[in-house]
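K.L.:
here's a sequence, model it:
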Amino acid sequence: MLKDLVNQVFKHAAEEAPRECCGLIVDDNQYIKMKNISTDKDSFKMDDKVFTLLQLQRKILYVVHSHYEEDSKPSQYDINNCNATKIPFLIVSYPEKEYSIIEPC
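P.N.:
Have a look, this model is predicted:
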């Protein structure tokens, strides 16, 4: 199941490249594309209100984003945000098509 979801994320990353894509994997194993509202092409930011609304309606299994022309290794910023949200992060590299999962501490 995760492989199918990761393939959906790779497709989303291709659509958004060279910007980072972002989204959520929720409790029914559905990938929800989110709009990246960051003004920097090398980072992502989700709308806080939309994120909170989805968090109230669904169980978020993973916060997802892509790294364009980089590996999927999390940055310190990714690690800090993962720990702050207490939600695992799934990071994909595009076009390399690798992924990493980090768990909150």
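K.L.:
what's in contact with the helix or strand containing residue 92?
P.N.:
Residue 92 belongs to strand 89-94 when assigned by DSSP states H and E. By CB atoms under 8 Å, 6 or more residues apart in numbering, the residues outside strand 89-94 that reach it are 6, 9-10, 13-14, 17, 25, 62-74, 78, 81-82, 98-102. Yep, even glycine has a C-beta here, placed from its N, CA and C like the rest.
K.L.:
what mean pLDDT does that strand have?
P.N.:
Strand 89-94 comes out with an average pLDDT of 98.
K.L.:
quick check: mean pLDDT across the helix or strand just after that strand?
P.N.:
Toward the C-terminus, strand 89-94 is succeeded by strand 98-102 as the next helix or strand (DSSP H and E). For strand 98-102, mean pLDDT rounds to 98.
K.L.:
so what strands line up beside strand 98-102?
P.N.:
Applying DSSP bridges, strand 98-102 is found paired with strand 89-94 (antiparallel).
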